[in-house]
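1. Below is the sequence, then the predicted model.
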Amino acid sequence: MQFKAAIFDLDGTLVDSLMLWDILWERFGIRYRDDAGFRPTEADDKAVRTMPLKEAMHMIHEQYQLAETGEALLDEANRIMRDFYATEVQLKSGVRTFLEHCRQTGVKMCVASATAPDLLDVAMKHTDIAKYFSRVFSCAELGLGKDKPDIFLLAQSYVNEPVEDVCVFEDSLVAIETAAGIGMKTVAIYDRFNFGQERMRALADVYVADGESLTKLIEA
């Protein structure tokens, strides 16, 4: 598969971080409910993963009455996430090799993530991948999640390549559906914490399965 520009998600795509949602639920349960087993419904859990964090935390506050306000819950989430991104998060297998390959072959690269900009900076600094990307876009800056095409179109406008020459790398079914719907190439990446793997496998141009890595695109 040929493409001139690549738009990468961060969480679950470049870095192994989606267990962070389970960490958040556990910490929230302990702090606000004295219940380490707290979990939102499957639908709510699925929804927050592609939403801007502020919107997600306000929704969780309203749905489950956690913390005094949505802003207070957002502050707690930011504290937990910042510590994780600064000290623990690791790249997924094959990511650095693939990014280096893209750089050497002249592929334009940027990041489009639902994660807040300051947390993106922390994670990319800790994993030493910021040097590969000319720009980082966050849904938090737009106030729209990846169920809408805006962040992908913004990134596509920045890289200044036709839609059909842009490839989106994602672990989220919602994001893959959105990117494919506007004519972008898609690479779907398996993550054990995500929903809709069979649908992603069927929809994406390339599916990176459990046990595989992005290096399969180099070897293909």
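-> It's in.
2. Look at residue 188 and give its secondary structure.
-> Judged by DSSP: H, G, I helix; E, B strand; the rest coil, the three-state class of residue 188 is strand.
3. Quick check: it vs residue 214, distance?
-> 11 Å (C-beta to C-beta, to the nearest Å). Every residue, glycine included, has its C-beta placed from N, CA and C.
4. cool, and residue 154?
-> Using C-beta to C-beta, one gets 23 Å for the distance from residue 154 to residue 214.
5. circling back to that earlier point, quick one: common contacting residues for residue 188 and residue 214?
-> residue 208 (C-beta atoms under 8 Å, 6 or more residues apart in numbering).
6. Pick out whichever of the two has more residues nearby.
-> For the pair residue 188 and residue 214, the greater number of neighbours falls to residue 188 (30 against 24), based on other C-beta atoms under 10 Å.
7. Relative to residue 8, how far out is that one?
-> 13 Å.
8. And for residue 67?
-> From residue 67 to residue 8 the distance is 32 Å (C-beta to C-beta).
9. Which one of those two is surrounded by more residues?
-> Taking other C-beta under 10 Å, residue 67 and residue 8 do not tie; residue 8 has more neighbours (27 against 19).
10. tell me the contacts of the residue nearest to that one when sequence neighbours are not counted?
-> Among residues not flanking residue 8 along the chain, residue 169 sits closest, at 4.7 Å (C-beta to C-beta, 6 or more residues apart in numbering). Residue 169 makes contact with 6, 7, 8, 9, 13, 14, 186, 187, 189, 214 under the criterion C-beta under 8 Å, 6+ apart.
11. so residue 169 sits in a strand?
-> Yes. According to three-state DSSP, the state of residue 169 is that of a strand.
12. Bridge partners for it, pull those for me.
-> In this entry, residue 169 is beta-bridged to residue 8, residue 187, by DSSP bridges.
13. and the gap between it and residue 188?
-> Counting by C-beta to C-beta - residue 169 and residue 188 are separated by 8 Å.
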